[in-house]
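Engineer: I would like to see how this sequence folds:
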Amino acid sequence: MVQSSKTPQQQDQKTPEFRFRTKLVQERSIFESFAVLPARTRLYISLGLTVFAGIGLLVSDQLEKAYPAPKESPGAPKSAPQEPASSSS
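Structural biologist: Numbers count the residues shown, from 1 in each chain. Predicted structure coming up:
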């Protein structure tokens, strides 16, 4: 007779059950709603967001080349407050 090497506790363990799967849709957070989606759908959403972000980075680089920022004068930076010239009598 071959005995199983698993203890009774190991046999009773199941995959973790998520409580948000039993919540009503109105009671779920955005993360909980995302986690309930099938794995393939979550993958497609994640890939879509990643591609959108990558395209945004490439487009912003191209726009920076097409419309470069104006050069600052060697004087004081534009963000520094300028005091008005006071005239002494």
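
Engineer: Give me the packing partners of the biggest helix by length in the chain, helices and strands only.
Structural biologist: For the chain, the helix that runs over the most residues, judged by DSSP state H, is helix 39-66. Under the contact criterion of 3 or more C-beta pairs under 8 Å, 6 or more residues apart in numbering; DSSP states H and E, helix 39-66 touches helix 30-36. Just so you know, the C-beta spots here come from the backbone N, C-alpha and C atoms, and that holds for glycine as well.

Engineer: Please name every helix or strand in contact with the helix it packs on.
Structural biologist: Applying 3+ C-beta pairs under 8 Å, 6+ apart, one finds that helix 30-36 contacts helix 39-66.

Engineer: what about the helix it packs on, average pLDDT?
Structural biologist: Mean pLDDT, computed over helix 39-66, is 96.

Engineer: please begin residue numbering at 695 from this point
Structural biologist: Got it, first residue is 695 now, which makes that one helix 733-760.

Engineer: Could you check how far residue 731 is from residue 737?
Structural biologist: According to C-beta to C-beta, to the nearest Å, residue 731 stands 10 Å off from residue 737.

Engineer: swap in residue 763?
Structural biologist: Distance, residue 763 to residue 737, by C-beta to C-beta: 38 Å.
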